[in-house]
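**Student:** quick one, structure for this:
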Amino acid sequence: MKKFEFLDDGIDIPFYNDVPKLSTMEWLMLLFAVILMIAYITIKNLPFRESFFPLIIFLLGVVPALYICKGNYKLFFKMPKLKDIKIIVGCVIGNYLYTFIIVFFIVTLGIQTVAHGDSNSQITLVRAINQFIQLWGEEFFKIFILLIVMHGVYKFSNNRNLSLMLGIIVTLFIFGLIHSGTYGGKILQVLLLQGLGSIFELYAYLETKNVVVSYLVHALVDFIADIASL
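**Tutor:** Residues are numbered from 1 along each chain as shown. The predicted model follows:
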């Protein structure tokens, strides 16, 4: 259970236990950002969605994150250390091994899988930049959900491990579910691959308390997938 606490570095996850403390309005701001991101991901006819989707997701994630840091940006952003490279490589490899096993399992059961809508799109500089921008928002989307759930559970239970466990479960479930429209409504596929599969990025954050590390895991996984699809 000690390893599950993710406290080997002596640094705890910020905000959930009021260290540092956020106001009620700041918690509502994070919740509103999550709701807006869910809306823009799942509803296709929202204003500006077609032209500015990556930028919108980026702003909805990064702007609230910077605001609640109140100048102490190390709460989320740190320069990666040499030991973080091992975590990044391990998480990327783990992600692909997990994906291979789950896809094999799904196909063996005779369940049809659906590829990402952009899987056949040509890799361009504009697409690469959009992806670079959007992934920052996606990482904070997961972290905001984690923090909100942890804060709510911890407030009533004063139990960090319970808060963390429920936070992880809810985060992975929601992150998987919002991809259902992109993958043809295949709920089992998105919950196992996009949902539970994102545990590797979340683990990278929990182990380092550094969004830069989890972002690099996410970016490398997507980059390798893009290169492999050429």
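**Student:** which residues touch Gly176?
**Tutor:** Going by C-beta atoms under 8 Å, 6 or more residues apart in numbering, Gly176 touches Val190, Leu191, Leu192, Leu193, Gln194, Gly195, Leu196, Gly197, Ser198. C-beta coordinates here come from the backbone N, C-alpha and C atoms, glycine included.
**Student:** okay, buried residues for stretch 182-194 please.
**Tutor:** Thr182, Tyr183, Lys186, Gln189, Val190, Leu191, Leu192, Leu193, Gln194 (16 or more other C-beta atoms under 10 Å).
**Student:** among the residues you listed, which lie within strands?
**Tutor:** Applying DSSP state E to the buried residues of stretch 182-194, no entry is found in strands.
**Student:** most widely separated two among the residues you listed?
**Tutor:** By the measure C-beta to C-beta, Thr182 and Leu192 form the most distant pair in the buried residues of stretch 182-194, at 14.7 Å.
**Student:** tell me which other helices or strands the worst-scoring helix or strand of the chain on mean pLDDT touches.
**Tutor:** Across the helices and strands of the chain, mean confidence by mean pLDDT, DSSP states H and E is lowest for helix 187-189: a mean of 87. The contact analysis (3 or more C-beta pairs under 8 Å, 6 or more residues apart in numbering; DSSP states H and E) places helix 187-189 against no helix or strand.
**Student:** what are the ranges of the helices in this structure?
**Tutor:** 24-42, 49-69, 82-108, 125-157, 160-177, 187-189, 199-208, 211-228 (DSSP state H).
**Student:** packing partners of the second one?
**Tutor:** For helix 49-69, the packing partners by 3+ C-beta pairs under 8 Å, 6+ apart come out as helix 24-42, helix 125-157.
**Student:** for Leu7, which of those helices is the nearest?
**Tutor:** If we rank the helices and strands packed on helix 49-69 by C-beta to C-beta, the stretch that ends up nearest is helix 125-157, at 14.0 Å.
**Student:** what about Phe21, distance to Tyr67?
**Tutor:** Actually, residue 21 is Lys. It isn't Phe. Distance, Lys21 to Tyr67, by C-beta to C-beta, to the nearest Å: 14 Å.
**Student:** one more: Tyr183?
**Tutor:** 33 Å.
**Student:** show me the shaky parts of the chain.
**Tutor:** 1-4, 113-122 (pLDDT under 70).
**Student:** for the residue of it most remote from its centre, what are phi and psi?
**Tutor:** The C-alpha centroid of the chain is most remote from Gly110, which lies 29.1 Å away (C-alpha atoms, centre = their mean). Here the main-chain torsion angles of Gly110 (degrees, to the nearest 10) amount to phi 80, psi 20.
**Student:** who has more neighbours out of Lys21 and Tyr67?
**Tutor:** Using other C-beta atoms under 10 Å, the more surrounded residue of Lys21 and Tyr67 is Tyr67, with 12 against 8.
**Student:** you'd agree the more buried one is up against Met29?
**Tutor:** Yes - between Tyr67 and Met29 there is a contact at 7.4 Å, judged by C-beta atoms under 8 Å.
**Student:** between those two, what contacts are shared?
**Tutor:** In contact with both Tyr67 and Met29: no residue, using C-beta under 8 Å, 6+ apart.
**Student:** quick one: Leu164 and Phe32, what's the gap?
**Tutor:** 24 Å.
**Student:** cool, Leu192 as well?
**Tutor:** Between Leu192 and Phe32 the computed distance is 29 Å (C-beta to C-beta).
**Student:** ok, now Phe53?
**Tutor:** Distance from Phe53 to Phe32, by C-beta to C-beta: 18 Å.
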